[in-house]
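> From the sequence below, what's the structure:
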Amino acid sequence: ETASHELRSPLTRIRAELEVDLASGEPANPTRTEQSVLDETIELQRLVEDLLHLARGDDGVAHSEFRPVDLDDIVLREARRLRERGRVAVDLKGVAAAQTIGDPHQLARAVRNLLDNAERHASSTVTVGLDEADGRVVLTVSDDGDGISPEDRDVIFERFTRLDDARARDTGGAGLGLAIVRDIINRHHGTVDLDDSAETRFVVELPLVP
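I've put the predicted structure just below:
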């Protein structure tokens, strides 16, 4: 039911905007309408891709080609993308070389989702750490936003969880990003948790290449 609602919402907005323009006989601002419809279509495409990813995992048909992966290369590439958007500063001083076993495309998606989530909630800075410790690869992603209340920490990785329901749809997302992170990390025999510090700090642990 929640998935149906999330799919209907952008479609309803697209239809309403086009119907208003058609009823008026001439769009008041064709460029604005086209951009709005494009934005909604992109968001709808992302949502469908997220739902398909989770559905494949639920059915046990998710396929990954595991091999040695330089996770630092993925982290730096995704962090560069975040910096280029210019919305937050990105602190990478704590990123060191680290190699795990996995599917580079899936791992990139998990890192991207964590960074996008941090960007969405940060006041000004996202901080990323990466290292090898105690036979594991440890990735941390933090933001300097308001943090997450203790009662919400148990549900943050659940599907369709948006902690602020009043948040605008274009910034809040569908609440699938962290669920996908957990799904990917679990399939890579790792863990992802939210630590107990006052700031929002996600900690991912993955197997180290032997």
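> partner strands of the one helix or strand residue 69 maps to, parallel or antiparallel?
Assessed by DSSP states H and E, residue 69 sits inside strand 67-70. Partners of strand 67-70 in the sheet, by DSSP bridges, are strand 99-102 (antiparallel).
> pLDDT of the partner strand, averaged?
Averaging pLDDT along strand 99-102 gives 94.
> who touches the spatially most central residue of the chain in this structure?
Central residue of the chain (Cα atoms, centre = their mean): residue 113, 2.2 Å from the mean position. Contacts for residue 113 (Cβ atoms under 8 Å, 6 or more residues apart in numbering) come out as 177-178, 180-181. All C-beta atoms are positioned from the backbone trio N, CA, C, and that covers glycine.
> Do a quick rundown of the helices in the chain.
2-24, 30-58, 71-85, 104-121, 169-172, 177-187 (DSSP state H).
> Compare the ones you listed and give me the one nearest residue 137.
Nearest of the helices of the chain to residue 137, taken as Cβ to Cβ: helix 71-85 at 5.9 Å.
> in that closest one, what's buried?
71-72, 74-76, 78-79, 82 (16 or more other Cβ atoms under 10 Å).
> Out of those, which is nearest to residue 140?
residue 75 (10.5 Å).
> quick one: the closest one and residue 33, what's the gap?
With the distance defined as Cβ to Cβ, to the nearest Å, residue 75 ends up 38 Å from residue 33.
> State the number of residues packed around the closest residue in space to residue 131 that isn't next to it in sequence.
Spatial nearest neighbour of residue 131, chain neighbours left out: residue 96 (4.9 Å); criterion: Cβ to Cβ, 6 or more residues apart in numbering. Look at residue 96: counted by other Cβ atoms under 10 Å, it has 10 neighbours.
> what do you get for residue 200?
Neighbour tally, residue 200, other Cβ under 10 Å: 22.
> Pairing-wise in the sheet, spell out the partners of it.
Going by DSSP bridges, residue 200 forms beta bridges with residue 143.
> correct me, but it touches residue 119?
No: counting by Cβ atoms under 8 Å, residue 200 does not reach residue 119; the two are 11.6 Å apart.
> Mutual contacts of the two, please.
residue 143.
> circling back: how many neighbouring residues does the spatially closest residue to the residue nearest to the centre of the chain that is not a sequence neighbour have?
Computed as Cβ to Cβ, 6+ apart, the closest residue to residue 113 that is not its neighbour in sequence is residue 177, at 4.1 Å. Residue 177 is flanked by 20 other residues according to other Cβ under 10 Å.
> mind checking pLDDT for residue 177?
The predicted local confidence for residue 177 is 79.
> pretty sure it contacts residue 119?
No: checked against Cβ under 8 Å, the pair residue 177 and residue 119 is beyond contact range at 11.1 Å.
> tell me the contacts of residue 126?
Residue 126 touches 82, 88-91, 115, 118-119, 141-143, counting by Cβ under 8 Å, 6+ apart.
> could those residues go into a markdown table alongside pLDDT and distance to residue 16?
Putting the contacts of residue 126 into a markdown table (pLDDT from 0 to 100; distance: Cβ to Cβ, whole Å) gives the following:
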| residue | pLDDT | distance to residue 16 |
| --- | --- | --- |
| 82 | 93 | 33 |
| 88 | 96 | 33 |
| 89 | 97 | 38 |
| 90 | 97 | 37 |
| 91 | 97 | 42 |
| 115 | 95 | 33 |
| 118 | 93 | 33 |
| 119 | 93 | 29 |
| 141 | 97 | 37 |
| 142 | 95 | 39 |
| 143 | 94 | 34 |
